[in-house]
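J.: dropping a prediction and its sequence here:
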Amino acid sequence: MAVLLYTDTATLETFAGQNSQKTQLVKHYTRLIHEEKYHKADLVEQELLVLVRRKVDTTADELKTFAKRITTDKKYFESILFYHVAADYFALHSDSKLASDGIVSCTEGLYATVQAMLKETDHSKNWKTINFHVIPLMHEMRRQISDHRGISKETQCLQEARCFHHIELSQRLIGDLTASKITIKRALEQIKTTFGDDSSKHSIYGRLLNNLGFVYRQKSQLKDAKKYYSLAIKAKLRAEDFTDEERNSSVATSEYNLQLVMEKLKATK
């Protein structure tokens, strides 16, 4: 396991205060992550959440912003912790739509943290932490949306799909293409069950189809890759929540990917 930096007191002063109980819990959490004691680390996170809830002027957005800032400072384990706390706080303190938006943004933050971690060190050193701790946390956040009352099943489905999207991208980054494929197919099935023939009206559906094509291309299953890139293009052209610029860029990406696959198929004949 790579030895990443522990949180120094100065980093936490704006949130917790020097030598506070919160600071000590954060340091304890990072030690447990280094030791690969992920279950115990989760228990420490729950202790921290209790303390945060006592600080009535703390908002979920502030916690998320703090997590993003310490990612920039390369405090990766601490960032993971505060994204987790922020997601819990969104679930506890926001109305249903704001809660789901906040939780999705925390899964996106964790994906960004995974990207940053893997730029600093190779996959082998941090694979366990990402696979056995970070990705399960992202699934836990997704379940918070599933368990939340007060949002429509359609909104719930789309928000969960966005979480699945961040999960499958993280799985791809650590080289687990099989897990990524399973996650994408689960999200696609959920969208199809909820929206039926209107699935392609939502841009996340086309993005997931494109990424499934990518997984099959990486696995050298070129006919399947061709199928899903083609489906992605059709879906993206129908999506109603794209701007024109977003649509043009996203469709162009899938068309380029399809072209690469067609060239490989032609070369194998």
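T.: Cool, got the structure. Numbers count the residues shown, from 1 in each chain.
J.: low-confidence ranges in the stretch 101-250 of the chain?
T.: Scanning the stretch 101-250 of the chain for pLDDT under 70 picks out 121-125.
J.: run the last query once more with 90
T.: Applying pLDDT under 90 to the stretch 101-250 of the chain flags the ranges 119-128, 146-151.
J.: what about the helices in it?
T.: 123-129, 135-147, 153-173, 177-195, 203-218, 222-238, 244-268 (DSSP state H, counting those that start in this stretch).
J.: M117: which of these is closest?
T.: Counting by C-beta to C-beta, M117 lies closest to helix 123-129 out of the helices of the stretch 101-250 of the chain; the figure is 5.3 Å. Just so you know, the C-beta spots here come from the backbone N, C-alpha and C atoms, and that holds for glycine as well.
J.: re earlier: redo the helices of the stretch 101-250 of the chain as TSV? Include distance to V114 and mean neighbour count.
T.: Below are the helices of the stretch 101-250 of the chain laid out as TSV (distance: least, C-beta to C-beta, whole Å; neighbours: other C-beta atoms under 10 Å):
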stretch	distance to V114	mean neighbour count
helix 123-129	8	17
helix 135-147	8	19
helix 153-173	5	22
helix 177-195	13	18
helix 203-218	16	23
helix 222-238	24	20
helix 244-268	21	14
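J.: same list, those, but as a markdown table with distance to F82 please.
T.: Output for those, formatted as a markdown table (distance: least, C-beta to C-beta, whole Å):
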| stretch | distance to F82 |
| --- | --- |
| helix 123-129 | 16 |
| helix 135-147 | 12 |
| helix 153-173 | 17 |
| helix 177-195 | 24 |
| helix 203-218 | 26 |
| helix 222-238 | 34 |
| helix 244-268 | 30 |
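J.: to T59, which of these lies closest?
T.: Once the helices of the stretch 101-250 of the chain are compared by C-beta to C-beta, helix 135-147 is nearest, at 17.3 Å.
J.: and that closest one with helix 177-195, angle?
T.: 10 degrees (axes from the mean of the first three to the mean of the last three C-alpha atoms, to 10 degrees).
J.: chain center to helix 135-147: distance?
T.: 10 Å (C-alpha atoms, centre = their mean, to the nearest Å).
J.: just checking, what packs against it?
T.: helix 76-93, helix 96-120, helix 153-173 (3 or more C-beta pairs under 8 Å, 6 or more residues apart in numbering; DSSP states H and E).
J.: so how far is stretch 33-48 from its chain's centroid?
T.: Centroid separation for stretch 33-48 versus its chain: 20 Å, with C-alpha atoms, centre = their mean.
J.: dump that stretch to PDB, restricted to CA.
T.: This file holds the C-alpha atoms of stretch 33-48, laid out as PDB (Å, rounded to 0.1, in the frame of the first residue of the first chain):
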ATOM      1  CA  ILE A  33      -6.900   2.900   5.600                       C
ATOM      2  CA  HIS A  34      -3.200   2.400   5.400                       C
ATOM      3  CA  GLU A  35      -3.500  -0.800   7.400                       C
ATOM      4  CA  GLU A  36      -6.400  -1.900   5.100                       C
ATOM      5  CA  LYS A  37      -8.800  -2.100   8.000                       C
ATOM      6  CA  TYR A  38     -11.700  -0.700   6.000                       C
ATOM      7  CA  HIS A  39     -14.600  -1.800   8.300                       C
ATOM      8  CA  LYS A  40     -13.000  -0.100  11.300                       C
ATOM      9  CA  ALA A  41     -12.400   3.000   9.100                       C
ATOM     10  CA  ASP A  42     -16.100   3.100   8.400                       C
ATOM     11  CA  LEU A  43     -16.900   3.000  12.100                       C
ATOM     12  CA  VAL A  44     -14.600   6.000  12.600                       C
ATOM     13  CA  GLU A  45     -16.400   7.800   9.800                       C
ATOM     14  CA  GLN A  46     -19.700   7.300  11.700                       C
ATOM     15  CA  GLU A  47     -18.100   8.800  14.800                       C
ATOM     16  CA  LEU A  48     -17.000  11.800  12.900                       C
END
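J.: so for that stretch, mean pLDDT?
T.: Mean pLDDT, stretch 33-48: 89.
J.: buried stuff in it?
T.: Residues of stretch 33-48 classed as buried by neighbour count (16 or more other C-beta atoms under 10 Å): I33, H34, Y38, A41, D42, V44, E45, L48.
J.: you'd agree the third one is up against H133?
T.: Right, Y38. Yes: assessed by C-beta atoms under 8 Å, Y38 is found in contact with H133 at 4.5 Å.
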